[in-house]
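In: Whatever this is, show me its structure:
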Amino acid sequence: MTAVDVCFRYGITPGETEMRAIGSAREVYGIRAVKFDDKNRTVRVEYDASRINADVVESLLRGAGMDLKERLALA
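Out: Residues are numbered from 1 along each chain as shown. Predicted coordinates:
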């Protein structure tokens, strides 16, 4: 397993429906952790790069209803 992080800025704060969908994706697709920073309006996702990539993570978040604005570079 190769743990990798990706971070996105979002617009509208996710509600209960979106959070449930993200939780379901986490169980199935190799997403290990999802951390929200409400102050900076970012979501950071740790995932297993041997199973999925950042584009798939982005697609899963969008499919869950997340209002993603941009992918942020991690230092």
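In: what's the helix or strand for the spatially most central residue of the chain?
Out: Centrality entry for the chain: nearest residue to the mean C-alpha point is Val45, 4.5 Å, by CA atoms, centre = their mean. For Val45, the host element (DSSP states H and E) is strand 42-48.
In: Pull out the buried positions in that strand.
Out: For strand 42-48, burial by neighbour count (16 or more other CB atoms under 10 Å) applies to Thr42, Val43, Val45, Glu46, Tyr47. The way it works is simple: take the backbone N, C-alpha and C, and place the C-beta from them, glycine included.
In: quick one: which of the residues you listed is nearest Tyr10?
Out: Nearest to Tyr10, judged by CB to CB, of those is Val43 at 5.9 Å.
In: so the closest one sits right up against Met66, yeah?
Out: Yes. Look at Val43 against Met66 with CB atoms under 8 Å: they come within range, at 7.0 Å.
In: The helix or strand just after the strand holding Val45 to strand 42-48, inter-axis angle?
Out: As assigned by DSSP H and E, the chain's next helix or strand after strand 42-48 is helix 54-63. If you take axes from the mean of the first three to the mean of the last three CA atoms, to 10 degrees, helix 54-63 sits at 130 degrees to strand 42-48.
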